[in-house]
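>>> Prediction below, plus the sequence it came from.
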Amino acid sequence: MSSTDPRSWIDQLVGACVGLLIGAIALYCAVEVLRTLLPLLITIIGVLVLGGSVVAAARWYRGRW
């Protein structure tokens with residue numbers, strides 16, 4: 001088929017639409033996974049930061065004496 005054939009343009013348009021649809025579905029799924037896991041991840045990171053801060057403060061306090 002030549003590039004001026006109408007079927008090739010329609011095939012490209014359909015391919016682009018299918019690609020956009022698949023991309024939108026993938027983005028939706030990724031957002032849903034993040035919405036599910038984000039509170040747990042924030043909690044875990046918060047506990048780790050708090051624990052690290054307590055350890056750092058204890059080491060600094062003991063080092064002063």
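Arrived safely.
>>> Helices along this structure, start to end?
6-64 (DSSP state H).
>>> Any regions of it where pLDDT drops low?
Applying pLDDT under 70 to the chain picks out residues 1-6, 65.
>>> One more pass at 80, please.
For the chain, residues meeting the criterion pLDDT under 80 lie at 1-7, 64-65.
>>> burial of residue 23, as a residue count?
Counted with other Cβ atoms under 10 Å, residues neighbouring residue 23 total 10. For every residue, glycine as well, the C-beta is placed using N, CA and C.
>>> Same check on residue 10?
10.
>>> In contact with it, which residues?
Not one residue lies near residue 10 by Cβ atoms under 8 Å, 6 or more residues apart in numbering.
>>> got it, and residue 59?
Contacts of residue 59 (Cβ under 8 Å, 6+ apart): none.
>>> Look up how far residue 52 lies from it.
Taking Cβ to Cβ, to the nearest Å as the measure, residue 59 falls 11 Å from residue 52.
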